[in-house]
Each structure stands twice: as C-alpha cells, then as structure tokens.
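[1] turn this into a model:
(2 chains)
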Protein chains: 2
Amino acid sequence: VKEYSVDLKNLLGRVVPKDRILYKPEDLICYSYDACTVVDRKLPDIIVVPQKVEEIVETIKLASKHNIPVIPRGLGSGCTGGAIPVYGGIILSLEKYNKILAINQEEMTAVVESGVVTEDIKEEVNKYGLFYPPDPSSSKFSTIGGNVAESAGGLRGLKYGTTKEYVIGLEFIDGKGDVYRTGYLNSAENMYPDLTNILIRSEGTLGIITKIALRLLKLRENITTFFVCVKDLSNAAQIIGELRRLETLPSVLEIIDKTTIDAILTYKKFPVPAESRAFLLIEYDMRIDEKNLKKIFSANEALMVKKADNESEREYLWSIRKAISPSLVTIAPDKFNEDIVVPVSRLKEMLEFLEFLSNKYKLKILSYGHAGDGNLHVNIMINKKNKEDLEKVEKALDEIFDRTIELGGSLSGEHGIGLAKSPFLIKEFTFKELSISKKLKEYFDPYGIINPGKVLPEKLN
Amino acid sequence: VKEYSVDLKNLLGRVVPKDRILYKPEDLICYSYDACTVVDRKLPDIIVVPQKVEEIVETIKLASKHNIPVIPRGLGSGCTGGAIPVYGGIILSLEKYNKILAINQEEMTAVVESGVVTEDIKEEVNKYGLFYPPDPSSSKFSTIGGNVAESAGGLRGLKYGTTKEYVIGLEFIDGKGDVYRTGYLNSAENMYPDLTNILIRSEGTLGIITKIALRLLKLRENITTFFVCVKDLSNAAQIIGELRRLETLPSVLEIIDKTTIDAILTYKKFPVPAESRAFLLIEYDMRIDEKNLKKIFSANEALMVKKADNESEREYLWSIRKAISPSLVTIAPDKFNEDIVVPVSRLKEMLEFLEFLSNKYKLKILSYGHAGDGNLHVNIMINKKNKEDLEKVEKALDEIFDRTIELGGSLSGEHGIGLAKSPFLIKEFTFKELSISKKLKEYFDPYGIINPGKVLPEKLN
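    Below you'll find the predicted structure:
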C-alpha cells in the first residue's frame, strides 16, 4: 500500500458520507481480489461505496488532482482480474449504486444503475412481460455494469447475441470527472462516433459506467429443453451445425465434453449411456417442429435424448449444466479457467486438440461452453503446490492460445482481457492496432488514474 | 477546381492503370453529386476507379504527400452529400471494386469487396440458402460499402436491426495508407476497442472501407404480407404497438400517411377506403397466428385488410410501397427529403405534428417510414424556383428538427450526417461529445485528406 501526500480518509470524507468509506484491514482484504484465479491479490488503500453520480464525480476529481488510481468494481465476479487494484488506490465499489430507475413497457426498454445484479433486472422486467436475453453464467452474482464493461456473453448468445446487443445508451464518467450520456440517455440517439460501443468492453479503463439503458424483448412463453448424449464430438458438431441452420434458432445450445460429465457424475448422479462422449443441452423458446429435431438427433447417433415436459423436468436438465462449476473442485484444488472462442466450424477440431493436449501433458482438461457461437470454457485442473503441474499448465496454455489463433479464434471469448490476459494481447494485436486503444485511453483518462495496469500491455504504456 | 503543384493525371497514372483514371469534363460532372437534393454540386479534379487494395493504398499515399482530398464513393446514392468533393480532389470510385470474395455456408458468413451492390449480395447468398436481412430502399443501387459507412437501416430494421448488426469485420485503409483488418478479417475476433464499430457510420471520414465480412442468417421461407388501411393515426400507432409485443415480430412494418397515399394514387390506381387516413404494410417471414393478427387489425378500426396469398399478390402489395418515390415527382418538381427517428411511442405525435405543420405553412409534407423502429422519411415537396416556398421549407425544417429532439428522437435515422446535416449537428451534440470524433479523425487521418468537410461542423475543425 502506497503512501500519499494526502489523508485519503479525510479527503474523501468531504465528498462521500463517512459510513460509505471503508479502510479497515479486513475491508481492504475483501476488496483485494476478484474471481480470477491466476493473478495475485493486491490491497487497495481505501474503498468508496457511492450512491450518487455526484459522489463518483467528486471522488474522481479528487483522485485526478492527487494522482490516485480509481478502480471501478461491481461484485468482483470478473474472471481476468479487472477489479484488482494493482497499483493500490481507491476501489469505487458500485454495490450500493443499484437502483432500477425505469422500465418502459411500451418502448420495451429499461434504465438501470450499473451496480444492479443482472438477475434482478431479468426478474423485474419479467413482471412487465419483458425479457432481457443476455445470460452470463454469473448473472446471479455479477452486476450489469460489469457485464457491459466486459461485454459479457452467456448461454443465449447464439440466438440473442451478447450484452452489447442490448445496450442502447450509457451514462459514464471519464477520468477528469466529466459526465457523458450516450444513445438512449442522450437526446441524440445516433452519436458519431458510437460512444456507447466504445465504452462497452472497455473493462473499466475509459471511465466509470454509471447508468445503462437496455433494449428488451417480449417475454418468451413456449420453452422446450433437451439433453442429448451423442457418440462422439463429430456427432455433436454435426447436430450443432444443423440446428444453426433451422428457421428457429435454439435459445441455448451448450456442449459439454466427457471429462466434464465425469466430473459432474462424481458430484451429482444421473444416467448417461456409458459410450457417449459428448453432451448437448438444447433449449428453444418458441414453438418448434419437434419431430424434425428428433430426426436430426437420431441421424447423428444420439444415444439418449431427454426432453423436459414440465418446469421441474426442465430444472432437472439445467441442474446438470449448473453442476459443472461446483463439481470442478472435486477434481483438483486449483483451476486455470480459460475462455476462448473459435469459429463454430472449427469447434470439433479445438475440442479434439484439447483431448490431445490432455493426454500429452497428463493434465485434466475439462471443456464446455456455448457451442452455438464457438465459445469454450477450458478448465485445467491441478494442484498449484505441485510445481511440475504448474509448468505443464503453462506449456499447455501456450499451445491452446496458439492453436486458437491458428483456427481463426480469439483468446477472450467473453471474460475480457483485464490483468490476466494483458501479456497475451500482443499475440493477437499489432502495435498499430493497440495504439488506437492507447489514444482513446489518453483521451478519456489523461491522468491515467482509471483502472491502471489493465488491458493494454505494460510495454505500450 | 483547385490547382495542384503536381500533375495529378501523371502522378496517379503511376499507381493505377490509365484506363481507370477519368478526368474529362463530362466525367467530372458525373461525379460531382450524389442523391442529396439540398447541397450544391462540386467538381472533383480527377476520378480513380481502383480494382486492387494496393491501388487504393498508393493513391492515398500520393494524396497525403501532396495534401489532396480523397473522397470515397460507392454509387452515389447517399442522401446527405457524403460523396460530394467539396474541396475538389480525387474521387475514389469503388464501382469496380465489387467482387463477392467468399460465402461460407457452414459459418453463415460472406466476405465482399465494398463496391458490391447490396442487392447482388442478397441474391448471391440466397443461392446458398442464406439471407442478408438489412434492406435499405436503395439496395438495388447502393453499395455495401456505402451501407456500412452510413450504417444503413431499411425495412427490416425492427426485426433484424440495421447493417451494423451484420458487419462482423472490416478491411479499411486510413489516411496514411495503412491497412487495417478487424473482427472476422483479423485473427483476433474481439478487438479492443471495437474498430469495426468505430468505422461503421464513419461516413467515409476515417478511412476507405475495402472489404466487409457479413454475418448471414438462414433463408426465410414462410412469407405472409398484409396491407392494412385504418381510420386514423391513433389506430395505426395502436396496431404497431401491439405487433411489436407479439412473440413473432413482423419482418416489415411500414407506415404511410394519407398525403403520401394520395400521391401514390395519382401515379398508380388501387382501391383504398375513402375515409382511411393511415396505411400499414406488414410482412412476416415465419409461421404466424393469422387469426390473432386479424383480431388485432379489426379491434383497431381496420377499414380494409388485404393479404397476399401468393407471390404475385405479394408483389402487388409491395408495389404500393415502392410507388412512393416515383410518385413524389408528380406532386412538385423538388423535394426536401429528411430522415428522422423518434421513439416508437412518440410516432403518432410526430405524424400529427407534421400534419399540423403542413397546414400551418401550406406545404405538402409526405411522411412514411419504418414504423417498427420509429424511423420516418419526411418529404417536403415544393418548386425551388419559388423563393417564398424555400423560406417556408427552411422554417418548417427547423421546427421539425426541434420537435424531433424534444420527442427524444434524432435528426439522422439512417441517412447519416454528411454535408447536408453537418450544420445541424451542433443542435444534437455538445462540443465535448464532438471532440472525441475529432480526435478519432485526427488519429486515422492526420493530414485531413479523407472526405474533408463532412460530418463534423466546420467550426470544430
């Protein structure tokens, strides 16, 4: 923790009520990490919990005057260390900046503060017969602000796209304390350039997102869910391809590999045919031609097809998918959780390559993800105390990243770059491409105080 | 036409074959205007018709060395003067840079050169069972590059979004002659910041877009079309609202006002109930619940509902909508064609306000547009030689713009800012908002040679 020439506690006490300023050692520890498992913790100097835009503006103005880092934080569910105060400073925790400000049933829009938990938005708009499609697995414990900052994807990406597709306007505060309103929150809907899109996926490095306007859809009512076990990855890939070409797209199309299913089985019992090596969770939210679907399944060596006939059966099928995360800990104490994306047509190759690597390095590699849009979660399970394992992971990760790019994919499907992937960015982008990012950063954050050390590799700074 | 210290013809002849360099007076005239009716023509100094990326790169390098403007041009169908060489210079006409480079049936993507006519893409991908949804009215005579540069909307906006939603990658050349590849055309799919989105709607001011990667959908097969005449604008607004809240969205939802229908009737005969004052063209491209639709129509005083039962009846209904543009000339020799967007819930108020203005100024104001997303085409028909009319138009336009912003709308629904609307930009945006545009412009075009004089108001430059 750095020494500042000013007394942060007193300074911030002038702009934020004292009961929302935290600085005790136990507080500092609580805000020293997020859900990223591969970067070190760092203590902030102080935590501010704002409830008004003005408090955020004044905090940033003070911070910029005294050159103190300000790190925006939702609920710390990020997977790439984006909320870690690498250079100390002020954690701006938006956990209490969490009001749903407006729901417009006729326009099918909502305006919310950035600290609202995504699931709370989903539930609230449901009451109005409306539907917010993006569905990151973290939606129960991540904030909408974090979702926007990372352009979070999720299970419904294939049919409905990601968070990005539903954000129609923002309010944000830049590194000088200037307040911007874009899109729906500006009288001018079509900003040039599209500032809304520049802020989406900026991972809290260009400014603090404070309000978000969302586009909503009509609530869906005809849900059909299938769990399908097939003989091998080729069958799964074939089914995925065929479903993507039907008139009605599945709202969910998840693939789970054999190693992952084995892990789930140690945690939760359910019957799967012994010889099946790939698994699909498929959901539709519109009326469908069931007969045609079953034809597709059986033409591609489906060994078992389970259809949910009511809500409790549906919950049962979903509980298999949801058991993945908790079951992982039964495999090994530590996981390296990578999030890659490849063109859907190369998904099979990628999964086969992961099986190959698993054998080559004798590592437990569990893969599953949103097959419909080529997004894979790759989990390497080890014990970090085993130094040899750590070295193998490093080699395997390097091979995974190289292969991903070779297949025309990307290193960050939906978890962002943050701290953890920043050193790898140079593999994907040229200096020229990153320099525009740097220019934008300098424009919005001339003092370099907003979430420093994230996204852009150090050597560019 | 400006004098340059260099012989443009010889200079460009070194990098582009001579038969694709035009400079005769009649050529210069042909490239001195676009479809914008409210700005003056300007002659370029020369026209280059490239067929290779290298030719574009070298042309820009020469132009930047000698400080000569370069104006990208597709087929000149733009409605805001974006392709007019206000400061002379080189017209870079992409009319022969028009190959469809790849269609990937499995990935459902296409890669095209920017000079391809949009309709050609639509027809070609149809052969593969694929569907490119954006459908600007100009699709038969506008290029995909122009569509991307303006983020063209179109008839299918409500259900499928605009051009922006289908562009997944770009190749473009900046004002220094540097080539960028983004998104799908880069190995890295998730660029930070999203350069693809920064270039979309940049109206040819940040660089020359040369290649475009498009996301496609499965071709639709179940088309149902309705033409509905209702008693008044309130009925129309009510139907629009209800259709927007159904599970299946219409792929087309067009509104046409009474004055426009009267104009069409002078050009093309078809029966409409005399007392109807608002008209809807509605199309679905998925199976629908027809009974429910008809219930909605009759509950809202539909005086006539025509449904197309086959392709020729469908063409007949569409011919009404398509007769609008040609019929306008029968009203008056000149038109001021404005393109505004308001929240759908305020559409009725806007249309009523236009009727009010029409009476107040004794002007023929014809309005029609994409009701589903609040996009209205407002046409004021006059004789430009009548000075009094011109003055009235000016006043009416000012009132239209003010009212649009008051209703939470925007001055440029889908035609961009270009030359024509640049002076009005200051009504919508603050200096702070526009200064980021200026920074981006300076970054990509440090010599200020790429389409100068467009979008950003002069006083900012």
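
[2] give me the residues contacting the strand or helix carrying residue A:119.
    Assigned by DSSP states H and E, residue A:119 belongs to helix A:118-126. By Cβ atoms under 8 Å, 6 or more residues apart in numbering or on different chains, the residues outside helix A:118-126 that reach it are A:98, A:100, A:103, A:110, A:112, A:131-132, A:134-136, A:138-140, A:142-144, A:147, A:214, A:216, A:219. C-beta here means a position set from N, CA and C on the backbone, and glycine is covered the same way.

[3] 6 Å instead?
    A:100, A:103, A:110, A:112, A:132, A:139, A:140, A:142, A:144, A:147, A:216 (Cβ atoms under 6 Å, 6 or more residues apart in numbering or on different chains).

[4] chain B: which of those residues is nearest?
    residue A:216 (10.7 Å; Cβ to the nearest Cβ).

[5] around chain B, which positions in the stretch 251-400 of chain A sit nearby?
    A:343, A:345 (Cβ under 6 Å from any Cβ of the partner chain).

[6] can you give me the helices for the stretch 251-400 of chain A?
    Using DSSP state H, counting those that start in this stretch, the helices of the stretch 251-400 of chain A run over A:258-267, A:290-299, A:311-322, A:324-328, A:347-361, A:387-406.

[7] give me the helices and strands touching the third one, please.
    Going back to what we said before, that points to helix A:311-322. Where contact means 3 or more Cβ pairs under 6 Å, 6 or more residues apart in numbering or on different chains; DSSP states H and E, helix A:311-322 is packed against strand A:224-230.

[8] give the rounded mean pLDDT of the strand it packs on.
    The average pLDDT for strand A:224-230 rounds to 96.

[9] try stretch A:284-298
    94.

[10] which outside residues touch that stretch?
    For stretch A:284-298, contacts defined as Cβ under 6 Å, 6+ apart pick out A:220, A:222, A:223, A:224, A:228, A:242, A:248, A:250, A:251, A:305.

[11] quick one: which of those is most hemmed in?
    The most crowded member of these, judged by other Cβ atoms under 10 Å in any protein chain shown, is residue A:250 (27 neighbours).

[12] what is the neighbour count of residue A:149?
    31.

[13] where's it, which helix or strand?
    Using DSSP H and E, residue A:149 falls within helix A:144-150.

[14] so after that helix, what's the next helix or strand?
    Moving toward the C-terminus from helix A:144-150, the next element (DSSP H and E) is helix A:157-160.

[15] list the buried residues for the next helix or strand after that following helix?
    Downstream of helix A:157-160, the first helix or strand assigned by DSSP H and E is strand A:167-173. Along strand A:167-173, these residues count as buried under the neighbour rule (16 or more other Cβ atoms under 10 Å in any protein chain shown): A:167, A:168, A:169, A:170, A:171, A:172, A:173.

[16] looking at the residues you listed, which is nearest residue A:379?
    Lowest distance from residue A:379 to these (Cβ to Cβ) belongs to residue A:167, with 29.0 Å.

[17] gap between that closest one and chain B?
    For residue A:167, the distance to chain B equals 12 Å [Cβ to the nearest Cβ, to the nearest Å].

[18] skipping its backbone neighbours, what lies nearest the residue in the stretch 201-350 of chain A that chain B sits nearest to in space?
    Minimum separation of the stretch 201-350 of chain A from chain B (Cβ to the nearest Cβ) falls at residue A:345, amounting to 4.7 Å. Sequence neighbours aside, residue B:106 is the residue nearest to residue A:345 in space, at 4.7 Å (criterion: Cβ to Cβ, 6 or more residues apart in numbering or on different chains).

[19] next, count neighbours for the one you found.
    Neighbourhood size, residue B:106 [other Cβ under 10 Å]: 11.

[20] same check, this time on residue A:257
    Residues near residue A:257, counting by other Cβ under 10 Å, number 24.
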